[in-house]
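Student: what's the 3D shape of this:
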Amino acid sequence: MVMKRALVIIGLLTFLVGCAGVHDNLKIPAGKIAGDQFTGIRYPFRVSVPPNWKMTTEFPDFLKRLGYDEPGLYDKEVTELYIFNPFTESNLQIDFTPANRGVQFSQGKIEALATAAMGSFKEEIEKDYGKDIKADIAPTTPFTLKGVPYAAKKYATYTLKGVKREQGWIYGFSEPYQIFILYMILEKEGMDDHKALKMILDSFKVISKK
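Tutor: Sure thing, here's the model as predicted:
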């Protein structure tokens, strides 16, 4: 399915640009959740959630209904954090992966890789859900994350079973880390999950170790 394919592509990007030190880092706990804030231990970042949103380092079962496979042990441990609205099932996943030494990044390269991750999204949507499902693909745009010099965003919108979805990802680099943020917004009356997503992303910060 489309969501599974996106994760596979992100895995491919990780392979292409490096994954140095991943196995060593997996011995370290992902981080601590205190109230509405997560502070990373394995990787240096913080993020907060608005009221009624939840955080966990374990795979939430409802993601299976949205087309995600429960990861194996290796994949489960490199997903640092799952954030979600339990009422709407809108969700966000944050992954960090160390890049190999010598890999060069630029804003242009980050945007090109974010675009490549979208791939044949429309074709995959039609294959999974039928040709009546139409996806609108937004242009790749630069994105701002605190402590992240290079980042880009790509997303698509489509309606499934009467519910409009926005599905996208943000790909960034803050030496020496690649950062993958996958999200899905399910629009429901009376809930403004786009505003909540903005609040979450605005709170996200890579913390300097210096």
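Student: ok but Glu124 is inside a helix, no?
Tutor: Yes. Assessed by DSSP: H, G, I helix; E, B strand; the rest coil, Glu124 belongs to a helix.
Student: wait, what's in contact with Met118?
Tutor: Residues near Met118 by C-beta atoms under 8 Å, 6 or more residues apart in numbering: Ile137, Thr140, Lys154, Ala156. Bear in mind the C-beta positions are built from the backbone N, C-alpha and C, glycine included.
Student: Ile200 versus the first one, what's the distance?
Tutor: Here the criterion is C-beta to C-beta, to the nearest Å. By it, Ile137 lies 23 Å from Ile200.
Student: give me the element Ile181 is part of.
Tutor: Taking DSSP states H and E as the definition, Ile181 sits inside strand 177-186.
Student: for that strand, C-alpha coordinates in CSV please.
Tutor: Provided in CSV are the C-alpha atoms of strand 177-186 (Å, rounded to 0.1, in the frame of the first residue of the first chain):
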residue,chain,number,x,y,z
TYR,A,177,21.6,13.2,11.2
GLN,A,178,19.0,12.6,8.5
ILE,A,179,15.6,13.3,9.8
PHE,A,180,12.4,11.8,8.4
ILE,A,181,9.0,13.0,9.6
LEU,A,182,6.0,11.2,8.1
TYR,A,183,2.5,12.5,8.8
MET,A,184,-1.2,11.8,7.9
ILE,A,185,-4.0,14.2,8.7
LEU,A,186,-7.6,12.9,8.6
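Student: run through who's touching whichever helix or strand comes after that strand.
Tutor: Remark: after strand 177-186, the chain's next helix or strand is helix 193-203, criterion DSSP H and E. The contact list for helix 193-203 (C-beta under 8 Å, 6+ apart) reads 46-50, 53, 83, 85, 88, 90, 92, 145, 166, 170, 181, 183, 185-187.
Student: quick check: angle from helix 193-203 to strand 177-186?
Tutor: Angle, helix 193-203 to strand 177-186, by axes from the mean of the first three to the mean of the last three C-alpha atoms, to 10 degrees: 160 degrees.
Student: next one: helix 193-203 to chain centre, how far?
Tutor: Distance of helix 193-203 from its chain centroid, counting by C-alpha atoms, centre = their mean, to the nearest Å, is 13 Å.
Student: what comes up buried for that helix?
Tutor: Residues Asp193, Ala196, Leu197, Ile200, Leu201, Ser203 are the ones in helix 193-203 that count as buried (16 or more other C-beta atoms under 10 Å).
Student: just checking, Glu111 touches Thr140?
Tutor: Yes. With contact defined as C-beta atoms under 8 Å, Glu111 and Thr140 form a contacting pair (5.1 Å).
Student: find residues that contact each of those two.
Tutor: Here Glu111 and Thr140 share the contacting residues Ala152, scored by C-beta under 8 Å, 6+ apart.
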